[in-house]
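Trainee: sequence and computational prediction follow.
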There are 2 protein chains.
Amino acid sequence: MYDLLIKYFNRYTSRPLNGDEIDLIKSSFTPKKFRKKQYFLQEGELCKYAAFVIKGAMRRYRVDDKGEEHIVDLFLENWWANDRESVITKTPTAYFIDAWEDTEALVGKADFTILVQQVPVLNDWVVRLGERHDIAMRKRLNAAIDMSAEQRYTELEKMYPEFLQRFPQHIIASYLGINKVTLSRIRGQASKK
Amino acid sequence: MYDLLIKYFNRYTSRPLNGDEIDLIKSSFTPKKFRKKQYFLQEGELCKYAAFVIKGAMRRYRVDDKGEEHIVDLFLENWWANDRESVITKTPTAYFIDAWEDTEALVGKADFTILVQQVPVLNDWVVRLGERHDIAMRKRLNAAIDMSAEQRYTELEKMYPEFLQRFPQHIIASYLGINKVTLSRIRGQASKK
DNA sequence: CGAAAATTTGACATGACTCAACTGGAGTGG
DNA sequence: CCACTCCAGTTGAGTCATGTCAAATTTTCG
């Protein structure tokens, strides 16, 4: 159960974690199962926990005044589900996070600084996580601003092909900021070629 | 000259910087002037330096295959101009950064970790900078995906009114990912009300 | 099997872009 | 000080991409 998390950490640290450190990590995260559609976080709550997905799929979304869902992030195995803004600013979150598939996750404190104080090597990991996150988000921002709906979709096909396997089309559409009907047409066009 | 930088750092540290620390910081940054249109970074270079804007305005943009400029970031006083992706991945940058107004800046190593090793208190600052950056970018991403051109513009009016004072309309348009002609119309409409 | 959800398709509406002409101001040189 | 150019901004006409609404079809799942 914890193997995946340890392996994941080891990919980002300058040296492998030792036994004591692994024990500390194990004591900091609790396994939890989420049934499909079950909430991990709801609008208005403080985000106190972070979930590391072991098996399954989750999504983060916000709901606008008209009641429409806007998917903001999709999480698969080895991803962290949480709302960093709420954690940092200690303000209620504007998002929902729920399980899209039945999901097993390891749940721990959302504020990673505590963990890093106990296991200093993990500082490498926190830093790299931040970096990767930054780069990925910048890419999405550039795409959203400058590219057409079709380009964004083919970009996603390349970058995260797993998403297309695991999430239905209307979720992908929302994630990309494209109308689901439009995405259907784009795919129709593409398959003709 | 350095006062602004020190004051800026102090806003993000848990305690004010002491004399030795201030000296170290001063020795790490060199004042530099940029004439309007002068490059600080060009596509294909490694981003080795970061510029802290003391007075003036800079912009970061990329140039697409058709030779069109797409503004990615705008920097005024108290902002850092650099390309974090190039720094992190040690790969050539895809961006240009140049001065939009005649600009005075303090230029130092782009890799802040070196500075933080010398002046550990600045770790607070690096962390907070990352957090703020993250939140701001997320906001821009949500806006780009879900909001209309008009909404994005009025959002900018609220969030960064200085931009509208300091940069011409076509730069603002590019920054928002809106055609400059379209932005002109939006403003025309808005002023009628 | 039957109900609910997801996708596709058509007809139409609209927001945003393109192209082009025009206006007005800022700077330059004679 | 004027004539000239250059650049930003405005405006109109037409087009294209994407969104909306609604109905038909397919898939999923209890």
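Mentor: The structure has been received and is ready for your questions.
Trainee: so A:E77: helix, strand or coil?
Mentor: Here A:E77 is recorded as coil under DSSP: H, G, I helix; E, B strand; the rest coil.
Trainee: typo on my end, it should be A:A51
Mentor: strand.
Trainee: chain neighbours aside, what residue packs nearest to A:D134?
Mentor: Setting aside the residues directly before and after it, A:D134 is nearest to B:R84 in space (CB to CB, 6 or more residues apart in numbering or on different chains), at 6.1 Å. All C-beta spots, glycine's among them, are computed from the backbone N, C-alpha and C.
Trainee: interface residues of chain A facing chain B?
Mentor: A:62, A:64, A:70, A:72, A:84-85, A:88-89, A:130-131, A:133-135, A:137-138, A:140-142, A:144-146, A:176-177 (CB under 8 Å from any CB of the partner chain).
Trainee: is any residue of stretch A:141-152 near DNA strand D?
Mentor: Yes. Residues of stretch A:141-152 are located near DNA strand D by CB under 7 Å from any atom of the strand, namely A:S148, A:A149, A:E150.
Trainee: buried only: go through those residues for me.
Mentor: For the residues of stretch A:141-152 next to DNA strand D, a neighbour count by 16 or more other CB atoms under 10 Å in any protein chain shown gives the buried set as A:E150.
Trainee: of the residues of stretch A:141-152 next to DNA strand D, closest to B:Q165?
Mentor: Of all the residues of stretch A:141-152 next to DNA strand D, B:Q165 sits closest to A:S148, with 32.4 Å by CB to CB.
Trainee: could you count how many residues lie near A:D73?
Mentor: Neighbours of A:D73 under the rule other CB atoms under 10 Å in any protein chain shown: 19.
Trainee: quick check: it vs A:E131, distance?
Mentor: Distance of A:D73 to A:E131, computed by CB to CB, to the nearest Å: 17 Å.
Trainee: same deal with A:L4?
Mentor: 22 Å.
Trainee: got the buried residues for stretch A:37-46?
Mentor: A:F40, A:L41, A:E45.
Trainee: tell me the pLDDT at the last one?
Mentor: Same thing as A:E45. On pLDDT, A:E45 comes in at 96.
Trainee: show me what contacts it?
Mentor: Neighbour list for A:E45: A:S86, A:P92, A:T93 [criterion: CB atoms under 8 Å, 6 or more residues apart in numbering or on different chains].
Trainee: returning to what we had before: wait, which of the residues of stretch A:141-152 next to DNA strand D is closest to A:T182?
Mentor: Taking CB to CB as the measure, A:A149 is the one of those closest to A:T182, at 6.0 Å.
Trainee: ok but A:F40 is inside a helix, no?
Mentor: No. Counting by three-state DSSP, A:F40 is not part of a helix but strand.
Trainee: which non-adjacent residue is nearest it?
Mentor: Spatial nearest neighbour of A:F40, excluding adjacent residues (CB to CB, 6+ apart): A:I97 at 4.5 Å.
Trainee: any regions of chain A where pLDDT drops low?
Mentor: Counting by pLDDT under 70, chain A shows low-confidence ranges at A:192-193.
Trainee: helix or strand for A:D23, which one?
Mentor: Secondary structure from DSSP states H and E places A:D23 in helix A:19-28.
Trainee: neighbours around the residue nearest to A:F40, how many?
Mentor: For A:I97, the neighbour count with other CB under 10 Å is 24.
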